[in-house]
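Student: Structure for this input, please:
(one chain, ligands or ions: 1)
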Amino acid sequence: MNGGPDGKVAPMPAESPESTLLSANHGAVRVLTLNRPAALNSFTGVMHVALRTALEEAAADASVRALVLTGSGRAFCAGQDLNDPAMAGPGADIGDIVERLYKPLALRIRSMPVPVIAAVNGVAAGAGANFALGCDIVVAARSASFIQAFSKIALIPDCGGTWLLPRLVGRARAIGLAMSGDRLSAEEAARIGLIWQCVDDAALMDTAMALATKLAALPTKALADTRLAIDEAIEMDFDDALANEARRQGALGRAHDAREGMEAFVAKRAPKFSDR
Ligand code: T3D
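Tutor: As a prediction, the model looks like this:
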């Protein structure tokens, strides 16, 4: 808490949505950068609104075909700003905040119509770790780390952590990470399959951008459906997963991109995908 000498809680310094989140386009790739480096890009109410708005805008913009989420300075994101009295002070209703602010963000990331890559440039803790893990592909710098920081402040993993962790690394590791709150290095995270790749710090953004550029040229709608079908299949038996694949494949097969992909293959030319 940022209490003053008189014990009163000082108001958070004024910040604007534009200052807390940077947005830049590189061709069809939009890069969103969490930008509160002095507080390790932890979430205030303003940054919540900024990220949610930016995700809605990217989802609605047909020129955006892949998204990269990263952080400025030495952190990716340290989760909730524990100095924000409205969000973490004694009177804060944390359940309500998680329901109203964190849950929609986690859902929005998971349901973007384009592939979402987390370029984890430094420590990712609490909600910051789970927002990263909710992205489609996670690339981390070698100096980055992942911390389920919740147990240290007597909370449970949120932002999908209880759902994501066991699915990514199994129950034993999920419980170990969540209960201990231990820092997991990027290298170890890649080794156990929590993330896609760990690269040298200097190569992080080039690697993430090359991957995003490649995905941006692929059929966006089929990529989004791939994520959806894999998430759905986790809850299904084999028969149902096969039926779900046939149903989704039927719809994709009737759409423009599948025709374009097949015609381009036969004509030995590069395809031009446009479905979203
Ligand atoms: O409303 C709700 O609460 C519901 C939402 C819950 C979702 C959550 O995310 S709960 C989890 C909240 N996050 C944490 O508990 C993580 C707290 N931070 C840390 O444990 C450590 O900072 C790190 C392990 C992430 C990094 O450690 P280190 O040693 O590299 O850095 P540091 O010195 O601790 O932090 C550097 C500065 O960032 C420092 O400020 P100062 O002293 O330089 O002015 C520190 O206070 C600030 N900072 C780091 N994390 C947060 C933060 N300030 C506010 N909130 C933070 N989460």
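Student: Where do the helices of the stretch 51-200 of the chain begin and end?
Tutor: Secondary structure of the stretch 51-200 of the chain (DSSP state H, counting those that start in this stretch): helices located at 85-88, 94-97, 103-110, 127-133, 161-180, 186-191.
Student: Tell me which of these is the most buried.
Tutor: Burial of the helices of the stretch 51-200 of the chain is given as mean neighbour count (mean count of other C-beta atoms under 10 Å); helix 127-133 ranks first at a mean of 28. Yep, even glycine has a C-beta here, placed from its N, CA and C like the rest.
Student: In the stretch 101-250 of the chain, which residue sits nearest the ligand?
Tutor: Distances from the stretch 101-250 of the chain to the ligand, computed as C-beta to the nearest ligand atom, single out Gly126 as the nearest residue at 2.6 Å.
Student: Please report the distance of that residue from Asp96.
Tutor: For Gly126, the distance to Asp96 equals 17 Å [C-beta to C-beta, to the nearest Å].
Student: So which bits of the stretch 1-150 of the chain are right by the ligand?
Tutor: 39-40, 42, 78-83, 87-88, 92, 94, 97-98, 102, 123, 125-127, 147, 149-150 (C-beta under 6 Å from any ligand atom).
Student: Just the buried residues of the residues you listed.
Tutor: 39-40, 42, 78-83, 87-88, 97-98, 102, 123, 125-127, 147, 149-150 (16 or more other C-beta atoms under 10 Å).
Student: Now render the helices of the stretch 51-200 of the chain as TSV, adding mean pLDDT and distance to Ala210.
Tutor: Shown next, in TSV, are the helices of the stretch 51-200 of the chain (pLDDT from 0 to 100; distance: least, C-beta to C-beta, whole Å):
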stretch	mean pLDDT	distance to Ala210
helix 85-88	84	36
helix 94-97	96	37
helix 103-110	98	21
helix 127-133	98	19
helix 161-180	98	23
helix 186-191	98	17
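Student: Same list (those) but as CSV, adding distance to Ala243.
Tutor: Below are the helices of the stretch 51-200 of the chain laid out as CSV (distance: least, C-beta to C-beta, whole Å):
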stretch, distance to Ala243
helix 85-88, 44
helix 94-97, 37
helix 103-110, 23
helix 127-133, 29
helix 161-180, 21
helix 186-191, 34
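Student: distance of Met47 from the ligand?
Tutor: Using C-beta to the nearest ligand atom, to the nearest Å, we find Met47 at a distance of 11 Å from the ligand.
Student: and the closest residue to that residue other than its chain neighbours, how many residues sit next to it?
Tutor: Counting by C-beta to C-beta, 6 or more residues apart in numbering, Met47 lies nearest to Thr20, which is 4.0 Å off, once chain neighbours are set aside. The burial count assigned to Thr20 is 21, neighbours taken as other C-beta atoms under 10 Å.
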